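Q: Sequence plus predicted model, see below.
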Amino acid sequence: MRIASLTIGLVATFAIQASAFAGPDENGRLQFKRCAACHLATGEGVPGAFPSLKTPEVGSFYETDEGRLWLVHVVNSGLAGEITSGGKTYRGFMPAQGGALGPEGIADVLNFVLHEFHPARKDPTSFTADEVKALLDTHGKPNPRTLSETRRALLEKGTD
Ligand code: HEC
């Protein structure tokens, strides 16, 4: 009896430690489940309802400072207003994810999207929790609606 409960205790301790030490990539994969509710596990989204996260536009945002700030803002604050993606127009609303994710979760989930859906992009550096926290401390929390305008401005400038 005592040995059995000791064994169960050890197994439980190991399981807790294993999840605590899951690397950032694993955490990103885990956190992406909340995004997959809309953007699907494949990241391809639902045309006309939820935009794909695999488009060259999304990949290109990782490559400039302004694009990186925009990605952090979108995940943290959400996005509203009209955007065009893959030739389709979206007038959707993405709810803020920052409260549930925190800076570390935002960094991990954005890195997961980059590595999983844009494997050909070798240059962008990964986000760190410190970078995300510094960006949010400096730039605050913009209205999700202004972020669709910022997206248009970024794409007009040509970030790719
Ligand atoms: C409840 C549904 C929903 C969830 C959950 C959600 N999104 Fe979105 N997301 C949307 C919608 C809708 C849009 C487009 C908003 C618009 O039309 O202005 C969008 C847009 C985006 C964009 C911009 C795409 C582009 O082409 O510029 C990114 C990046 C993004 N989401 C990432 C994420 C990530 C990462 C998560 C998880 C942390 C997430 N989303 C969770 C619905 C969702």
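A: Done, it's in. Numbering: from 1, shown residues only.

Q: use CA for all of it now, contacts and neighbours both
A: OK.

Q: The nearest residue to Y62 once chain neighbours are set aside and G59: what is the separation?
A: Using Cα to Cα, 6 or more residues apart in numbering and skipping residues adjacent in sequence, the residue nearest Y62 is R68, 5.2 Å away. According to Cα to Cα, to the nearest Å, R68 and G59 sit 10 Å apart.

Q: contacts for stretch 72-88?
A: Identification of contacts with stretch 72-88 by Cα atoms under 8 Å, 6 or more residues apart in numbering yields 47-48, 51-52, 55, 89-99, 106, 132, 135-136, 141-149, 151-152.

Q: Show me where this structure has its helices.
A: Under the criterion DSSP state H, helices of the chain are mapped to 2-20, 24-39, 56-61, 65-77, 98-117, 129-139, 144-157.

Q: For A100, grab the count of nearby residues.
A: Counted by other Cα atoms under 10 Å, the residues lying close to A100 total 12.

Q: Over to K141?
A: Around K141 there are 14 residues (other Cα under 10 Å).

Q: what do you get for the one 5 residues further on?
A: Burial of T146, expressed as a neighbour count using other Cα under 10 Å, amounts to 12.
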